[in-house]
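Enquirer: A predicted structure for the sequence below; I have some questions about it.
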There are 2 protein chains.
Amino acid sequence: MKCPVVPGRHPEILLAHGGGGKLTQQLIEEIFIPAFSNPLLEKRHDGAVFDVNGTTLAFTTDSYVVHPLFFPGGDIGSLSVYGTVNDLAMCGARPLYLSAGFIIEEGLAVETLKQVAESMRLAAEKASVQLVTGDTKVVDRGKGDGIFINTAGVGVVERGLDIAPAGVRTGDKIILSGDLGRHGVAIMAVREGLSFGGVIESDSAPLWEPVEGLLKRKIGVHCLRDLTRGGLASALNEIAGARGVEIRIHEEAIPLHENVRGACEILGLDPLYVANEGRFIAFVSSGDVREALSCLGLFESGAGATVIGEVCGGTPGLVTMKNTIGTHRVIDRLDGEQLPRIC
Amino acid sequence: MKCPVVPGRHPEILLAHGGGGKLTQQLIEEIFIPAFSNPLLEKRHDGAVFDVNGTTLAFTTDSYVVHPLFFPGGDIGSLSVYGTVNDLAMCGARPLYLSAGFIIEEGLAVETLKQVAESMRLAAEKASVQLVTGDTKVVDRGKGDGIFINTAGVGVVERGLDIAPAGVRTGDKIILSGDLGRHGVAIMAVREGLSFGGVIESDSAPLWEPVEGLLKRKIGVHCLRDLTRGGLASALNEIAGARGVEIRIHEEAIPLHENVRGACEILGLDPLYVANEGRFIAFVSSGDVREALSCLGLFESGAGATVIGEVCGGTPGLVTMKNTIGTHRVIDRLDGEQLPRIC
């Protein structure tokens, strides 16, 4: 299922244009940024942060096209709530309100829609957000795929807080909130009908609580990023590129469940690029690391938090990993698409 | 192309569930409201209006699945900007920021995406909003239809302003901002390769300017609604139902371009149910009607404004129309889908 690498320019949209790697970046750079150019978009953040009458708000959106709709540890409904809640949290914003736009394929069982709506309800409750406005469109049979969901979210940022790639500093430590790769591997396993020494569940979860914990303790958090499409490698590359710094990580520090490691080997996946839906990285002042780790440890979704690397003043935009035998390799952006329709 | 009427309950989603008529209402009542129940959603407004730190905001979303992507007078790009801007305007909110979520089918020409993005850019400029955050997903060939766009919007409402169905009062006059049916007929004409005494262009346009004009003049505007899916008839029914009032309109007062009237006759469409993308109704205190009309006349998108009816204390939820020979007929909600994928 690993798509071939497809560098260069293409006259048609490929699946890889949606993969979160180089081609997605190309679309953003060559089509969306020139068309919609404005200072907020150019921050390349997970959401836009702006002031309205002196109140700082964050605003973000994601569409969810995951296939299949239901998978171990989650479904498109909960994913569509947590994904957008997490993008707000990554801006340092308390998630408040969500919108939901459904694009349904003619012929979907009404019962399936009910299950998805119920899952969204539970997820919204768990994440303490309200779904306050919505829209439903139906497309002809064969012009959609069951159900696609878009959610957008509005959150509020405490006055003076500025969590963004621009805040990253040389010397910052990079904390990863837990083990990698569960979401992508869970989806692949159910899609391919494989099992890897037991069911691997998606890590899909809301992340505002651990983030709020860090902020409440006034820990020096400079940037946050959740590790969705394109995984850890893409997140690190985006931030290294946006801030013009070098990032170094350490292979032996990266937590990976044994079953996920085995599955990645069998499927030919690199866990650094596999999507997660309940993991994030935090760029933290080195002096605050110990407190940050003990704080994250208080939350279910931060229990596995650990330092995986640091920010250096080396080559702007470069990400390298020191492996277990002491050599370094460059961690590049993904050229093609590793796993299509993962979220 | 007119779909059969499909009352009752169905185990599968039909195109008509997205048509803005009775089946859409049924989905909302039976699935979404119970799942997401909260006071904001229950207002049945075009968007949610809430306070954050003392600032009143409006928040709304729509997905756009119009087919074809380009049509006389517009395209999916400009539609996706104006549609959401207009939903904010109907809450009495100045549109500020939009998000954009693209779901693209593998194989779409990159050139088409560029055209759509450029159209969004121009539309955002015209409507004085900024596109500040976005997302792109790609689905496999045959699992989408070129491009679907979701936009969500955030706007700001002046302190103390409350434009909503709950504000409608007996005795209010109903002003329609211009002639009906252009958008739906334009789409049908290009889909079917028909021409009706010249090209009919969609009325697609941003509506904040005329609304702002009314609000600035402190005209007693109680409720606003744009006439998209389901047309005038559905908007009137929604408001009559939400507020528990009777609405009476007058057939001879409803402006209709001759070519649109002819096209509707040929296609078997009732113009009261045809979608518009640049028309709205305003519920206005009867004493303010003259000033409201002269104000709307100052704006391109309000130039054809006229009074079409009034609010009575008769049968709650009933909408009737007095026709040209003096008899009354009930204007019901649409059972099925008149025109699929119109927006």
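Expert: Yes, it's here. Numbering: from 1, shown residues only, chains lettered A, B, ... in the order given.
Enquirer: CA atoms for contacts and neighbours, from now on please.
Expert: Noted.
Enquirer: Let me know whether my guess that A:Ile33 is in a strand holds.
Expert: No: assigned with DSSP: H, G, I helix; E, B strand; the rest coil, A:Ile33 falls outside any strand and is helix.
Enquirer: Pull the number of nearby residues for it.
Expert: 16 (other C-alpha atoms under 10 Å in any protein chain shown).
Enquirer: Pull out the buried residues from the longest helix seen in chain A.
Expert: The residue-count maximum for a helix in chain A (DSSP state H) belongs to helix A:110-126. For helix A:110-126, the neighbour count (16 or more other C-alpha atoms under 10 Å in any protein chain shown) marks A:110, A:112-124 as buried.
Enquirer: Redo these as CSV? Include distance to chain B and pLDDT.
Expert: CSV is the format used below for the buried residues of helix A:110-126 (distance: C-alpha to the nearest C-alpha, whole Å; pLDDT from 0 to 100):
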residue, distance to chain B, pLDDT
A:Val110, 5, 94
A:Thr112, 9, 97
A:Leu113, 8, 96
A:Lys114, 6, 95
A:Gln115, 9, 97
A:Val116, 10, 97
A:Ala117, 6, 96
A:Glu118, 6, 96
A:Ser119, 9, 97
A:Met120, 8, 97
A:Arg121, 6, 96
A:Leu122, 9, 97
A:Ala123, 11, 98
A:Ala124, 9, 97
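Enquirer: what does the helix or strand of chain A with the lowest mean pLDDT rub up against?
Expert: Least confident helix or strand of chain A, by mean pLDDT, DSSP states H and E, is helix A:33-36 with a mean of 85. Identification of contacts with helix A:33-36 by C-alpha atoms under 8 Å, 6 or more residues apart in numbering or on different chains yields A:Leu41, A:Glu42, B:Ala117, B:Glu118, B:Met120, B:Arg121, B:Gln130, B:Leu131, B:Val132.
Enquirer: and the longest strand belonging to chain A, which residues are buried?
Expert: The longest strand of chain A (DSSP state E) is strand A:93-105. By 16+ other C-alpha under 10 Å, the buried positions in strand A:93-105 come out as A:93-105.
Enquirer: contacts with chain B among those residues, please.
Expert: The residues of the buried residues of strand A:93-105 that also fall near chain B, by C-alpha under 8 Å from any C-alpha of the partner chain, are A:Ser99, A:Ala100, A:Gly101, A:Phe102, A:Ile103, A:Ile104, A:Glu105.
Enquirer: circling back: go through the least confident helix or strand of chain A and flag the buried ones.
Expert: In terms of neighbour count (16+ other C-alpha under 10 Å), helix A:33-36 has its buried residues at A:Ile33, A:Ala35, A:Phe36.
Enquirer: what's downstream of that helix, the next helix or strand?
Expert: The helix or strand immediately downstream of helix A:33-36 is strand A:48-52, counting by DSSP states H and E.
Enquirer: Packing partners of the following helix or strand past that next one?
Expert: Where DSSP H and E defines the elements, the next helix or strand beyond strand A:48-52 is strand A:55-64. Secondary-structure packing of strand A:55-64 (3 or more C-alpha pairs under 8 Å, 6 or more residues apart in numbering or on different chains; DSSP states H and E): strand A:48-52, helix A:76-90, strand A:147-157, strand B:93-105, strand B:130-139.
Enquirer: Direction included, what does strand A:55-64 pair up with?
Expert: strand A:48-52 (antiparallel), strand A:147-157 (antiparallel) (DSSP bridges).
Enquirer: Can you give the distance of the shortest one from its chain's centre?
Expert: Its chain's C-alpha centre lies 21 Å from the corresponding centre of strand A:48-52 when counted by C-alpha atoms, centre = their mean, to the nearest Å.
Enquirer: rewinding a little: tabulate the buried residues of strand A:93-105 (JSON lines), appending pLDDT.
Expert: Listed next are the buried residues of strand A:93-105 as JSON lines, based on pLDDT from 0 to 100:
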{"residue": "A:Ala93", "pLDDT": "97"}
{"residue": "A:Arg94", "pLDDT": "98"}
{"residue": "A:Pro95", "pLDDT": "98"}
{"residue": "A:Leu96", "pLDDT": "98"}
{"residue": "A:Tyr97", "pLDDT": "97"}
{"residue": "A:Leu98", "pLDDT": "98"}
{"residue": "A:Ser99", "pLDDT": "97"}
{"residue": "A:Ala100", "pLDDT": "97"}
{"residue": "A:Gly101", "pLDDT": "97"}
{"residue": "A:Phe102", "pLDDT": "97"}
{"residue": "A:Ile103", "pLDDT": "97"}
{"residue": "A:Ile104", "pLDDT": "97"}
{"residue": "A:Glu105", "pLDDT": "97"}
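Enquirer: Same list (the helices and strands packed on strand A:55-64) but as JSON lines, adding distance to B:Ala205.
Expert: Formatted as JSON lines, these follow (distance: least, C-alpha to C-alpha, whole Å):
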{"stretch": "strand A:48-52", "distance to B:Ala205": "25"}
{"stretch": "helix A:76-90", "distance to B:Ala205": "30"}
{"stretch": "strand A:147-157", "distance to B:Ala205": "23"}
{"stretch": "strand B:93-105", "distance to B:Ala205": "14"}
{"stretch": "strand B:130-139", "distance to B:Ala205": "16"}
